[in-house]
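[1] Below: sequence and its predicted model.
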Amino acid sequence: MSRFVRRGHQAQANAFVPLPIKDGVAPSYLWITETLAGGMLRFLAERFPDVSPESWAARLARGEVVDAQGRALAADSHVRQCMRIWYYRELEEPETPIPFEEKVLFQDEHLLVADKPHFLPTIPTGRFLHETLLVRLKRQYDLPHLTPIHRLDRETAGVVIFSHNPATRGKYQSLFQKRAIRKVYEALAAPIAGRAFPFTYRSRMVDGEKFFVMKEEAGEPNSETLVELIEQRGQVARYRLHPHTGRKHQLRLHMASLGAPILNDAFYPVALPCKGDDFSAPLQLLARAIAFDDPLTGEPREFASERALDWP
C-alpha cells in the first residue's frame, strides 16, 4: 500500500491554501499516511524520483514546501502520519511553447468559456504545466479559483467551460453529472458505408491494455453517440457527433469502430509512436458547441467554437 495519497492541484473551495497561485500555477498537496524516518528531503526525493534531490533542496530553501498551517519545512523536518504538505509542481526540462492561442468566448461572475486550440492540454499533466489552458487563463485573467467543469483531450479543439466562483461551481458541475448538457462535435473522417444517417452507435467501452487508450468489449453498452453526416467531398466526410454519454475517447473510438477513424488520430484504431512536439497534423475533431439551461436563472445558454477543421 502507498505511504501517502496525492490529492491533486487545488484544495476544496472553502479550505485554507497556505501557498498562493504562482505564475498561474496552483499549489499541489500530499496527505502522508505513515510516519517515516530520514527527513523531508529524503521523502520527497524518494516520492518523486524524476525530480532531482537538488531541486527539492532548493525549493525547501526557498520556503516553497509548507505544512497545512503554512509553516515552511526544512530538509530535516519530520515526516509524520496525517501530515499534509503543500508544494509547487515544477518541470525539470523547459516546456516547448505551444504556438496556438486560446480565445475567451464569454465571461460573467460565475463562468468563463474558452475556445481551446488543438495541442493545448486543458490542465497541467505530464510534461505540460504553463503551456496549458488552465494556467494560461489564470495568469492572463487573475482568476485564482478558475477550474474546468469538464475537459477536452489535448488533441481536441473547441469549447471548454470553466467556473471561477466556488459558491456556484457545484450547480454547474451537477449539469454534467445529470447529463443535462447538450454537446455537439464535428469531425472529419472517411465515408461510413452501409449506414443511413442519422444513426446511433452504442458499445461497451473499457480500459485498454495501454493505460492511455480505450477498447470495446461484448456486453451491455455504456456509451452512445448519435452520428450525422453534414457533407462529403471525395473520400473525406464531415460529421456532426452528439455524445449522449461521456466516456474517455468515446468519439474517437466509436468512429474507428465504424471503420472511419477521425483524420490524424494517433490513438485509434492503432496507437502510433508519440509525435512529441510535432504540430503539423492536428486531430480533426472539434467541440463545436455546448448548450444547457442555466441552473441559476433557468435561461437557455449556448456557446459555440469559432474554429474550423481542415476541410479540403
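    Received the coordinates, thanks.

[2] same for the top strand by length along the chain, what does it pack against?
    Longest strand of the chain, by residue count under DSSP state E: strand 223-233. The contact analysis (3 or more CB pairs under 8 Å, 6 or more residues apart in numbering; DSSP states H and E) places strand 223-233 against strand 199-207, strand 236-243, helix 250-257. Just so you know, the C-beta spots here come from the backbone N, C-alpha and C atoms, and that holds for glycine as well.

[3] Could you check the angle the last one makes with strand 236-243?
    In terms of direction (axes from the mean of the first three to the mean of the last three CA atoms, to 10 degrees), helix 250-257 departs from strand 236-243 by 130 degrees.

[4] which residues touch helix 250-257?
    Defining contact as CB atoms under 8 Å, 6 or more residues apart in numbering, one finds that helix 250-257 is touched by 185, 187, 189, 201, 203, 205, 214-216, 223, 225, 227, 239, 241, 243, 247, 261-262, 265, 267-269, 283, 285.

[5] so Ala187 sits in a strand?
    Yes. The assignment for Ala187 is a strand, going by DSSP: H, G, I helix; E, B strand; the rest coil.

[6] Enumerate every residue touching it.
    Arg238, Tyr239, Leu241, Leu251, Met255, Ile262, Leu263, Gln284, Leu285, Leu286, Leu309.

[7] Before we move on, what's the pLDDT of it?
    pLDDT recorded at Ala187 is 98.

[8] likewise the one 10 residues further on?
    At Phe197, the model reports a pLDDT of 97.

[9] Skip the chain neighbours and tell me the closest residue to it.
    Using CB to CB, 6 or more residues apart in numbering and skipping the chain neighbours, the partner closest in space to Phe197 is Leu229 (4.3 Å).

[10] picking up where we left off before, just the buried ones from the contacts of helix 250-257?
    185, 187, 189, 201, 203, 205, 214-216, 223, 225, 227, 239, 241, 243, 247, 261-262, 265, 267-268, 283, 285 (16 or more other CB atoms under 10 Å).

[11] quick one on the thing from earlier: as a markdown table, the contacts of Ala187 with pLDDT and distance to Ile123 would be great.
    Converted to a markdown table, the contacts of Ala187 look like this (pLDDT from 0 to 100; distance: CB to CB, whole Å):
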| residue | pLDDT | distance to Ile123 |
| --- | --- | --- |
| Arg238 | 98 | 29 |
| Tyr239 | 98 | 27 |
| Leu241 | 98 | 23 |
| Leu251 | 98 | 20 |
| Met255 | 98 | 25 |
| Ile262 | 98 | 22 |
| Leu263 | 97 | 26 |
| Gln284 | 98 | 23 |
| Leu285 | 98 | 19 |
| Leu286 | 98 | 19 |
| Leu309 | 96 | 24 |
